[in-house]
Structures are given as structure tokens and as C-alpha cells.
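S.K.: Return a 3D structure for these sequence lines:
(chains A and B)
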Amino acid sequence: MFLAALTSGDYGTVPPDVALVHRLLQRDVRAFEELYDRHSRAVYGLVLRILQQAGSAEEVVQDVFLQLWRNAGRYDETRGPFVSWLFTLARNRALDTLRLKSERQRRREDQTEEFPPVAVAPEYEKDLDEKRCAARVRALMASLAPQQKRAIELAYFEGLSHTEIAAALREPLGTVKSWIRNGLLRLKEGMQATT
Amino acid sequence: MAEAHALGALDAEESAAFAAHLAAGCPGCEKALAEARWLVSQLAYLAPETAPSPAIKERLMRNVGAESHVVPIASPRKSAIPFWLWAGVAALLMLTLYSTWNTHRLSAEVERMQQQATAEVQKREKLEQELAASRQEAQMRAILTNPESTKIMLMPSKKDMPSLEAKWHSQLGLVVTGYEVPKLSGNRVLQLWLIPKDSKAKPMPSITFWPERDGKLAKLVANPEEAMPEVKALAITEEPAGGSEQPTSTPLWVGAVS
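M.R.: Sure, this is the predicted structure:
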């Protein structure tokens, strides 16, 4: 019974992701597979959105999950949800790749490349809170002014600074800073209001 | 500021200033940054979920499966020479050193044992000589003190020479004794002769001997008993070293056997 309880992943009130990370520390391949199935679509979508190139995105995704397997102990559950940690890891890796490999140049050269079909992921088992959170973020961002939303996306998905965004949008630096600050504040307030 | 920092939108100078502010210690900003990081991470949901290629999962599961039973450890820097070769060379060197040392040790041991064996042989020979001398002395004493021994006086042919005395026991043997016996010249020795009763028979040669430096004489003839019943006299001549078949000089001492 004791062994069964250990191997069944019954960690009581521990969030499912955290329980799976605990099993990763015990070199549980099934736990890794379950984490991959739960988050690979979101991670791949994020990385592909940043890199805009399927081959590079797949390499980064593979690297992110290998790092998860090898360094699961670096995740500190007391400092935030696992999925936030995983998204941050994936975004940082993707932005590093974007900068190091000059993906912008490659994008211009590879405009004829056929992108893999991009579609909303079909439903599969995951936390309802996570699904609701995604829908809420999309709804809140959709409510922003297009330029405001564009400025935040340039910062998040392309890693541009205030100055770079201002140059890209041909808008004053102060305006861009205001857009981003107010947009994130509205996003924060909206998420608090819907919680 | 915290949201922009979490987003990575601050320019380098602004980012450095905010980091310095955090490093100086500002719990309020730290808390705000932690919340901002979570908020920014939610932006990932803006990207549409996309199914990666199944090949990625296959590759990952292969890698993970291979590593599931292996604990990664820092591998030591590989040498151009494989470890087994180093180990072989080290073992050969150790064997050579040991063999050399062992050869020296065994040689010394053999030499020591040879010396010890030689000493033992010499000691044994010395003991055998002492034992033989002791036995000879005991036998001579037994002959001299036995009442059944026959006394034979050997008279000198010259007046300035001492007389000698012989004692014969039929089972123990014959002893010749004397004092102040003159030294012999060169390689000459004294030789005892048994003179047969038959006047036609030749003298029978017996032992050769010479006196001690102090002139003492004590010689044992262990087995003359077979001939002694047929002997009528004893004679001693001076002969070349090694003795002679027949006397080559006039007897120096002669004594009748009664």
C-alpha cells in the first residue's frame, strides 16, 4: 500500500504539476512524459511565436524539456507556480536563440519556408484554472488598444526594450513606456477582478 | 518599473539602476517584481498552443529513458592514453621494481645461507675432528691404562735419544708414546714397522708420524691386532714423507714384543 501510494502520484493537496516535479526528482520517466503532454503545446506555441521558425523552435523546446528533466531540482515551488517557471525558462531560451542566431535575418531569408499548421490546441487534460487563465489573458489583451497590445507583444515575444519598441513603432519613447506600463496595470487589475 | 523590468523592456541603464535598487534592499519592490514576473509569464498564453512534431517527444523520451538509470556525474578529463594502458604500465613498472628488489633480496639471502652453510660445515668438521681426537685420546688412554695391555720398550739406537714406549692390546690397538723426541729435518717422517717372527718375512709397514713441537709423541695404531701375534718386534725408522714400502734407513728405535 505504501509503495502504491508513492508510485501513484498521490501527493494529497500538492498541485499536479508540483507532484509530477517531485516524481521527476526520482527519475520517473512517466512523470516527465505527463509533464510534456500537459505543457508541450503551450511551450512550443510560445517558442514558435518568438522564433517564427519551426526547426529552431523544436530545438529550443527539446532543450527546455531536457533541462527540466536534468534540473528539475532548480524549480522552487515556494516561489511561484510551476507553469510560470516553465514559461519563463522557455521564453528566455527562445529569446537567447533569437539574439544569438540572428533569427531576424534568417526570417527574412526563409520567407518561403512553410510553417507547420498553427492551430489552437485541441482539448486535452489540464487544469481548468490554467485554461481559464489563458482565456482571461487573451480577453484582457484583446481589450487593449492595438498599439498598446503591439508594444507589449514586441517586448514579450521579441525581447525589445522601450527604446527599440519606440523605434519600431515610430512612437515617442514616453508614449511607449506609458502604453506598456498602463497595459500591464490593466492586465493585472483585470486578472485580480476575475479571480 | 517592476512590470517593465520583468518584461525585459527596460533599457540597460534603467535595468541596472533597478537591479541596484533591489540589491540595496527594498522588500516592496521585491514583492512587486515577484508578482510582475508571474503576470508577465501569463503573456505566454497569447501565443496559440501548437502541437510540436511527434519526433520531438520520441527523441526526448529516448534521451530521458537512457538517462533514467544513469546519475549524471562530472566525467574526468580524458587522457590521450587510455586508463588501462596507464594501469598496465604502472603494473609493469611495479613488477619490475619488485622483481629487481626481490632478486637482490634473494641473492643476499642465498649468500647469507651459503655462508651459514659453510660455517655449519666447518663447525661440523671441527666438531668431528674434536670428536675423533677425543675418541682417539679415549682409546689411547684405554690402551695405556688397561692391565691386559702389553708394554713394549723401544730402545734408541743412539745414546742421546730417549727411549719410547709402546702398549699393545689385542682388541684396542697399539699406542706409541715418548718425550723429547728429536725434530725431524725437512720432509722426513717417522715410520713404524712390524717385524715378523719369520726371519725370512719382510718388515710390515705401519703408520707414519712425527713428534709434536715440544717433543712429545703419542700415536695410535688402531688395527694392528691381526698381525701382532706374528710380530716379534717393533721398529721405527726415518723415512721420506708419505712413508716407504720397506725401510730405507737403520731403525732409530727397536723393541721386542714379549
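S.K.: going forward, measure contacts and count neighbours with C-alpha atoms only.
M.R.: Will do.
S.K.: and B:Thr237, what are its phi and psi?
M.R.: phi -120, psi 170 (degrees, to the nearest 10).
S.K.: Then B:Leu154?
M.R.: phi -110, psi 110.
S.K.: Could you look up the SS state of the residue of the stretch 1-150 of chain B found nearest chain A?
M.R.: Nearest to chain A, among the residues of the stretch 1-150 of chain B, is B:Ala9, at 3.9 Å (Cα to the nearest Cα). When classified by DSSP: H, G, I helix; E, B strand; the rest coil, B:Ala9 comes out as coil.
S.K.: and if you look at B:Gln171?
M.R.: coil.
S.K.: quick one: it from chain A, how far?
M.R.: B:Gln171 sits 107 Å away from chain A, taking Cα to the nearest Cα, to the nearest Å as the criterion.
S.K.: try B:Lys200
M.R.: Taken as Cα to the nearest Cα, the span from B:Lys200 to chain A is 125 Å.
S.K.: now B:Glu212
M.R.: Distance of B:Glu212 to chain A, computed by Cα to the nearest Cα: 105 Å.
S.K.: What's the local residue count around B:Leu172?
M.R.: B:Leu172 has 20 neighbours, counted by other Cα atoms under 10 Å in any protein chain shown.
S.K.: Please state the backbone phi and psi of it?
M.R.: Per degrees, to the nearest 10, the backbone of B:Leu172 is at phi -90, psi -30.
S.K.: Any residues of chain B in contact with chain A? List them.
M.R.: Counting by Cα under 8 Å from any Cα of the partner chain, chain B comes close to chain A at B:1, B:3-4, B:7-11, B:38-53, B:56-57, B:60-61, B:64-65, B:68-69.
S.K.: returning to what we had before: pretty sure the residue of the stretch 1-150 of chain B closest to chain A is touching A:His162, no?
M.R.: Yes. B:Ala9 lies in contact with A:His162 (Cα atoms under 8 Å); the separation is 5.3 Å.
S.K.: Give me the common contacts of the two.
M.R.: Common contacts of B:Ala9 and A:His162 (Cα atoms under 8 Å, 6 or more residues apart in numbering or on different chains): A:Ala155.
S.K.: residues near A:Lys177, how many?
M.R.: So A:Lys177, with other Cα under 10 Å, has 23 neighbours.
S.K.: That one contacts A:His162, correct?
M.R.: Yes. Between A:Lys177 and A:His162 there is a contact under Cα under 8 Å: 6.2 Å.
S.K.: Just the buried positions in the strand or helix carrying B:Ile56, please.
M.R.: Secondary structure assignment for B:Ile56, by DSSP states H and E: helix B:54-67. Judged by neighbour count using 16 or more other Cα atoms under 10 Å in any protein chain shown, the buried positions of helix B:54-67 are B:57, B:60-61, B:64.
S.K.: could I get the residues you listed as TSV with pLDDT and distance to B:Met161?
M.R.: Below are these laid out as TSV (pLDDT from 0 to 100; distance: Cα to Cα, whole Å):
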residue	pLDDT	distance to B:Met161
B:Lys57	93	132
B:Leu60	93	127
B:Met61	93	126
B:Val64	89	122
